[in-house]
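1. next come a sequence and a model predicted from it.
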Amino acid sequence: TAGITQAPTSQILAAGRSMTLRCTQDMRHNAMYWYRQDLGLGLRLIHYSNTAGTTGKGEVPDGYSVSRANTDDFPLTLASAVPSQTSVYFCASSVNTNQPQHFGDGTRLSIL
Amino acid sequence: GQQLNQSPQSMFIQEGEDVSMNCTSSSIFNTWLWYKQDPGEGPVLLIALYKAGELTSNGRLTAQFGITRKDSFLNISASIPSDVGIYFCAGNSGNTPLVFGKGTRLSVIA
């Protein structure tokens, strides 16, 4: 079972460039999430989607956008990357919003 | 918004020792979860708790959902080197996304 697949595994990006982090799940989960993990700050929610066609803002949404065109995919886009967006990004999914989340293995993003 | 206070931030223990960590919330939760993250990987669910007072074990791990519904603890008995990692508590109420604690970094000295 693949579960959640994130791509790329890591990326170095020049400031000002755009980037889309990909996330796909094969569990038919309704809810999906994007987090960033920074040392000492734990996991902070960027955006989430309760079901296909809907999205919501998390704790740190500025500078990021998401879309949920179908159940399986939940891409995260940085329109114009800045160095403060250097982080490890995790995608997660759950059956519904109040159920435990399953995480991908993360994308390590460095903005120079 | 909801806030979680997880402690301790980090722990260094001898192999074979028991470990205890806890989380407190500023508001009542309906669900408490405990995750472990190994280096270079995403968090993995260890234990899920859904009822106040609930005590659940998973091997050497035991977690409890506090009676006040504002706290939870995780105990690890007889620690081994592979217990090394970051442990996160998480919780929510209703249909809101999970709120995560900042994590407890566990180091086990053989």
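-> Sure thing, it's come through. Numbering: from 1, shown residues only, chains lettered A, B, ... in the order given.
2. chain A contacts on chain B?
-> Counting by C-beta under 8 Å from any C-beta of the partner chain, the residues of chain B close to chain A are B:1, B:6, B:30-31, B:33, B:35, B:40-45, B:48, B:88, B:90, B:92, B:94-98, B:100-103. In short, each C-beta sits where N, CA and C put it, glycine included.
3. how many other residues sit next to the nearest residue to B:Glu54 once chain neighbours are set aside?
-> Excluding its sequence neighbours, the residue lying closest to B:Glu54 (C-beta to C-beta, 6 or more residues apart in numbering or on different chains) is B:Phe65, at 4.4 Å. Residues within reach of B:Phe65, counting by other C-beta atoms under 10 Å in any protein chain shown, total 24.
4. where's B:Phe65 relative to B:Arg105, distance?
-> 24 Å (C-beta to C-beta, to the nearest Å).
5. you'd agree the residue nearest to B:Glu54 is up against B:Ala48?
-> No: counting by C-beta atoms under 8 Å, B:Phe65 sits too far from B:Ala48 to count as a contact (9.6 Å).
6. between these two, which contacts overlap?
-> Residues touching both B:Phe65 and B:Ala48 (C-beta atoms under 8 Å, 6 or more residues apart in numbering or on different chains) are B:Trp32.
7. quick one: pLDDT of residue 86?
-> Unless you meant another one, I'm taking chain A. A:Thr86 is assigned 97 on the pLDDT scale.
8. chain B, not that one
-> 96.
9. assign a three-state SS to residue 36, would you?
-> If you meant another chain, say so; for now it's chain A. strand (DSSP: H, G, I helix; E, B strand; the rest coil).
10. can you look at chain B instead?
-> Once three-state DSSP is applied, B:Lys36 turns out strand.
11. got it, and B:Lys102?
-> Using three-state DSSP, the structure places B:Lys102 in coil.
12. now do the contacts for it.
-> By C-beta under 8 Å, 6+ apart, B:Lys102 lies in contact with A:Gly40, A:Leu41, A:Gly42, B:Leu4, B:Gln6, B:Gln9.
13. list only buried entries from these.
-> A:Gly42, B:Leu4, B:Gln6 (16 or more other C-beta atoms under 10 Å in any protein chain shown).
14. residue in chain A nearest to chain B?
-> The minimum distance from chain A to chain B, using C-beta to the nearest C-beta, falls at A:Phe103 (3.2 Å).
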